[in-house]
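Trainee: predicted model follows, preceded by the sequence.
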Amino acid sequence: MTPLRQRMTQDMQIRNLSPRTIECYTYHIGCFAKHFGRSPDELGVEEVRAYQVYLVQQKKASWATFNQAVCAFRFLPVATDIARNAAGNRGRPETLGSRDRCPGGTAYLGTEPSAPHL
């Protein structure tokens, strides 16, 4: 197993993905690499986009297949490194806090959170 494949598999196991999901994602990354004839760690964001266009326009992939490939790309080290850099090197991509997503959250209500009651 290549170091890249091992890292991706470990990242997916850490996130508790099922063995079948890991198998599917690994398959899609393999197809991506085969399409360009190079290792995935030598490919960048533009190649990912070009492959997505290929899946939709030439291969006529179903939505499920396309979605699996897109989800698999999230485990490529280049994708995780780009997400980290976009987040200011804090180690994880910037996401909305639970308050911002929850209908009962303060961002939804347009108010600031109050100090916790002790």
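Mentor: Received it, and whenever you're ready, just let me know what you need.

Trainee: show me where pLDDT drops low in this structure?
Mentor: 77-118 (pLDDT under 70).

Trainee: any chance you could map the helices in it?
Mentor: 3-14, 19-36, 45-57, 63-73, 77-86, 98-101, 106-109 (DSSP state H).

Trainee: mean neighbour count added to these, as a markdown table?
Mentor: C-beta: built from backbone N, CA, C; applies to glycine. Output for these, formatted as a markdown table (neighbours: other Cβ atoms under 10 Å):
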| stretch | mean neighbour count |
| --- | --- |
| helix 3-14 | 14 |
| helix 19-36 | 16 |
| helix 45-57 | 14 |
| helix 63-73 | 15 |
| helix 77-86 | 14 |
| helix 98-101 | 11 |
| helix 106-109 | 12 |
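
Trainee: what separates Leu17 from Phe75, distance-wise?
Mentor: Using Cβ to Cβ, to the nearest Å, one gets 9 Å for the distance from Leu17 to Phe75.

Trainee: ditto for Arg38
Mentor: Distance from Arg38 to Phe75, by Cβ to Cβ: 18 Å.

Trainee: these two: which is more packed in?
Mentor: Phe75 (22 against 12; other Cβ atoms under 10 Å).

Trainee: look up phi and psi at the more buried one.
Mentor: Here is the backbone geometry of Phe75 (degrees, to the nearest 10): phi -100, psi 0.

Trainee: what's near enough to touch the residue nearest to it when sequence neighbours are not counted?
Mentor: Closest residue to Phe75 apart from its sequence neighbours, by Cβ to Cβ, 6 or more residues apart in numbering: Met8 at 4.8 Å. Neighbouring residues of Met8 by Cβ atoms under 8 Å, 6 or more residues apart in numbering: 25-26, 29, 75-77.

Trainee: format those residues as a markdown table; extra columns: distance to Gln68.
Mentor: Below are those laid out as a markdown table (distance: Cβ to Cβ, whole Å):
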| residue | distance to Gln68 |
| --- | --- |
| Tyr25 | 7 |
| Thr26 | 11 |
| Ile29 | 11 |
| Phe75 | 12 |
| Leu76 | 14 |
| Pro77 | 19 |
